[in-house]
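Student: Everything below, folded, please.
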Amino acid sequence: MTDDDGAAAADPESTVAPTSMAAPTPGAPSFRKLLAPTAITLLLTGAILYGLSKWWGAPVLSAGYIGVMFLAPAIRVLSLRGMVYATAWASVILCAGVLIGGHGPWAQLGGIVATAIGQGMFVVNGGAGLSRSPASFLGFSKFADSGGFSDLWQPLVGLLIAAVAVSVLGAIAFGSSRKHPMREPLSERIYYGVGLAVGCSALTAIWAATGWGALSYALLVFCLIYAYDAGKVVHNSGVRVAGAMLGIGSAVLVSWLLPTPGVIVAFVVCGILAVANVLTGHHFWYVVFLVAAVVHLADVKPGASAAVSAEEHIIGVVVAAAVAVALHWAAVPLHDRVLKPLLPHSNY
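Tutor: Coordinates of the predicted model:
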């Protein structure tokens, strides 16, 4: 794992290493120029997914939403070939979630660990090309009904539509220039993946012991904080916690003021702004609108509410940040003493 200066030099456009709470990543496209294409692409994609969901079933739309949020940050650092691999990896996560996610907590823990380690393989240019794999695994596991292959096709259709939309948006945002992602040494990627798995396992154990709801919120925030650039974990935790709290508070306030149709509009707007901000490197505002979108989505689901979602988010954000920082303090000295000496020609 890199230190602060190494991460900044190696990856000026890292998807997970914010340089400040408000400033965009250097070299990122203009937010104003990208907002309209992002809105058009996502609204068109949402309309297609919504239409198919009315024809086939709700998993098409839900999986498409997860797919967009999972893959959108990747188009900033991965090449077209890398996006194909990322889509394949997302499909594997989806299949695993549907097929084994409904078989109890131990099966889910195995899936969380496997997806966390696998995410380490997507580290490029000193930053994580993909994040939130374990959280996406839990999200996809909710599509399990019979636990068989018949549950797969609808969410797979939604995911593939989302992948195409994200790739098109990436071409619009970053042009046809070829990216040249440089993968980190295999030992470094495995070390990051194992660290991610340890933290996710700890959070899973805590949630199982306490009976808290919405483990996926905690896993999502942990993946965003415990990025490959370990030197920024403490900084990332402050940005994520502050952004999440602002997103939670604003979303709950809006839910109190607006009727259900207005909340749906707020969800759509927040989703668009979240994607536009992550593509332009505004990581603080990405977290604000991402969390707000999830809280709004909970408010329009049967049997859920913004207040419950907000409470679950607050618990998840605080505990995930604490686990990430504690793991960082333990992992960095271990890395420097054991792994770093084995890589004499690296930049670490």
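Student: all strands in the stretch 101-250 of the chain, in order from the N-terminus.
Tutor: When assigned using DSSP state E, counting those that start in this stretch, the strands of the stretch 101-250 of the chain occupy the ranges 123-124, 127-128.
Student: and those strands, which is most packed in?
Tutor: strand 127-128 (a mean of 28; mean count of other C-beta atoms under 10 Å). To be clear about C-beta, it is placed using only N, CA and C from the backbone, and glycine gets the same treatment.
Student: Thought Ala116 was touching Cys200, still the case?
Tutor: Yes. With contact defined as C-beta atoms under 8 Å, Cys200 and Ala116 form a contacting pair (4.9 Å).
Student: Looking only at neighbour counts, state which of the two leads.
Tutor: Cys200 (30 against 26; other C-beta atoms under 10 Å).
Student: List the contacts of that one.
Tutor: 112-113, 116, 134, 219, 222-223 (C-beta atoms under 8 Å, 6 or more residues apart in numbering).
Student: can you rerun that using 7 Å?
Tutor: Neighbouring residues of Cys200 by C-beta atoms under 7 Å, 6 or more residues apart in numbering: 112-113, 116, 134, 219, 222.
Student: Give me the distance between it and Glu188.
Tutor: Cys200 sits 19 Å away from Glu188, going by C-beta to C-beta, to the nearest Å.
Student: hmm, back to that, are any of the contacts of Cys200 buried, and which?
Tutor: When neighbours are counted using 16 or more other C-beta atoms under 10 Å, the contacts of Cys200 contain these buried positions: 112-113, 116, 134, 219, 222.
Student: Taking those residues together, which two end up most distant?
Tutor: The most widely separated members of those are Val113 and Phe222, with 13.4 Å between them, by C-beta to C-beta.
Student: Just give me the neighbour total for Leu44.
Tutor: The number of residues packed near Leu44 is 12, by other C-beta under 10 Å.
Student: Which of the helices or strands spans it?
Tutor: Taking DSSP states H and E as the definition, Leu44 sits inside helix 31-55.
Student: what helices or strands is that helix leaning on?
Tutor: helix 58-71, helix 153-174, helix 260-279 (3 or more C-beta pairs under 7 Å, 6 or more residues apart in numbering; DSSP states H and E).
Student: In the first one, which residues are buried?
Tutor: The reference is to helix 58-71. For helix 58-71, the buried set under the neighbour-count rule, 16+ other C-beta under 10 Å, comprises 59-71.
Student: Quick one, grab the pLDDT at the most centrally placed residue in the chain.
Tutor: Nearest to the mean C-alpha position of the chain, by C-alpha atoms, centre = their mean, lies Arg132 at 3.6 Å. The predicted local confidence for Arg132 comes out at a pLDDT of 88.
Student: Report the contact partners of the residue nearest to it when sequence neighbours are not counted.
Tutor: Taking C-beta to C-beta, 6 or more residues apart in numbering, and ignoring the residues beside it in sequence, Arg132 has Cys223 as its nearest neighbour in space, at 4.7 Å. With contact taken as C-beta under 7 Å, 6+ apart, Cys223 is in contact with 131-132, 134-135, 196.
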